[in-house]
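1. sequence below, structure please.
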Amino acid sequence: MNNPFDDTTATFRVLVNDRQQHSLWPSFADAPEGWVVTFGPADRDECLEFVEANWTDITPRRLAEIAS
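-> As a prediction, this is how the structure comes out:
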């Protein structure tokens, strides 16, 4: 069985949680509780470009708030 997260020919969506963490998610699967679709469906490369452009600080939001 192949891992759908590794399928370079599939379509994906970008999900974001309340900590502003991003995740690539196969478009056929429902978003898990606590995650919101912010981009897609699109091909894997487009989704990765979106993540790279929009997830500029990998520190979870709560930790970033505490640190500042």
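
2. what sits up against stretch 16-34?
-> 4-5, 7, 10-15, 35-38, 40-41, 44, 47-48, 51, 54-55, 57-58, 60-62 (C-beta atoms under 8 Å, 6 or more residues apart in numbering). C-betas here are computed from N, CA, C, even on glycine.

3. got a quick PyMOL command for the buried subset of those?
-> Typed into PyMOL, the line below selects the buried ones among those, using 16 or more other C-beta atoms under 10 Å:
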select buried, resi 12+13+14+15+35+40+41+44+47+51
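
4. okay, and which of the contacts of stretch 16-34 map to strands?
-> Thr11, Phe12, Arg13, Val14, Leu15, Trp35, Val36, Val37, Thr38, Gly40, Pro41 (DSSP state E).

5. so, low pLDDT: which residues of this structure?
-> The model of the chain has pLDDT under 70 over residues 1, 60-68.

6. find the residue at the geometric middle of it.
-> Ser23 (2.3 Å; C-alpha atoms, centre = their mean).

7. how about a markdown table for the ones in strands among the contacts of stretch 16-34, with distance to Phe28 added?
-> Formatted as a markdown table, the ones in strands among the contacts of stretch 16-34 follow (distance: C-beta to C-beta, whole Å):
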| residue | distance to Phe28 |
| --- | --- |
| Thr11 | 8 |
| Phe12 | 10 |
| Arg13 | 10 |
| Val14 | 15 |
| Leu15 | 14 |
| Trp35 | 15 |
| Val36 | 18 |
| Val37 | 13 |
| Thr38 | 18 |
| Gly40 | 12 |
| Pro41 | 9 |
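
8. thank you kindly, that will do.
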